[in-house]
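Participant: Kindly generate the corresponding structure for this input.
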Amino acid sequence: MNDELIKITLRILGYPLALAIAVVVLTIKKRSLKDSFALKAISWRDAFLWLMWFIPVLIAGEVWYFGLGLNEGRIWHYTLPVAVIRALGIIILAPICEELIFRGILFKVISDARPGPIGAVILTSVIFTAIHYQYGILDWLPIFIDAFYWAWVRYKTGSTILPIVMHLFGNTIAVVELLWLNKIV
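Facilitator: Sure thing, here's the model as predicted:
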């Protein structure tokens, strides 16, 4: 196995590792995983309405990225196996793990504390944006807006399911664009 593949695999495994640690801690503290992760079903009608409101958020992000030429400098110099693992990590693992951690556990902890639910929306969005420091400063605004929207949806629906779906969708678009810009698809 080449060094690049090992490096990307280890980086991507950080997401499920963090989630696994959270599950162990919650289990030891005898907390409900369903409640801690806010895995609550929502109606199809509500899901549809929140998804429709997400479309302008996605479009605004695309206008921002392409309007400022931010996508032009993003080139993947990966072998095919590394690109596949990285793409799967970005499209599937990261959204599920990040949402369960940020809009699940962290949101609940902050919401139940003094900052309350609105504080949880703001703080989880700021922290989420901060962990994406590897992107340039111009990338932080759309990242924050996405995070804020997902946190708001979590607050209003009481569920992380829809934020997970939105995050999966947004990351899928980003990876397809990267592959298209790099002439891989």
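Participant: What sits closest to residue 12 if chain neighbours are left out?
Facilitator: Nearest residue to residue 12, sequence neighbours excluded (CB to CB, 6 or more residues apart in numbering): residue 89, at 3.5 Å. For the C-beta atoms, the positions are set from N, CA and C on the backbone; glycine is no exception.
Participant: neighbours around that neighbour, how many?
Facilitator: 22 (other CB atoms under 10 Å).
Participant: ok, now residue 34?
Facilitator: 9.
Participant: what's near enough to touch it?
Facilitator: residue 40 (CB atoms under 8 Å, 6 or more residues apart in numbering).
Participant: Just the element for it, please.
Facilitator: helix 33-36 (DSSP states H and E).
Participant: per-residue confidence averaged over whichever helix or strand comes after that helix?
Facilitator: For helix 33-36, the following helix or strand on the C-terminal side (DSSP H and E) is helix 44-67. Helix 44-67 carries an average pLDDT of 93.
Participant: mind checking how far helix 44-67 is from the chain centre?
Facilitator: Per CA atoms, centre = their mean, to the nearest Å, the displacement of helix 44-67 from the mean C-alpha position of its chain is 15 Å.
Participant: buried sites along the next helix-or-strand element following it?
Facilitator: Remark: after helix 44-67, the chain's next helix or strand is helix 80-88, criterion DSSP H and E. The neighbour-count check on helix 80-88 (16 or more other CB atoms under 10 Å) flags 82-83, 85-87 as buried.
Participant: and the worst-scoring helix or strand of the chain on mean pLDDT, what does it pack onto?
Facilitator: In the chain, no helix or strand scores lower on mean pLDDT, DSSP states H and E than helix 80-88, which sits at a mean of 86. Here helix 80-88 touches helix 3-28, helix 161-181, going by 3 or more CB pairs under 8 Å, 6 or more residues apart in numbering; DSSP states H and E.
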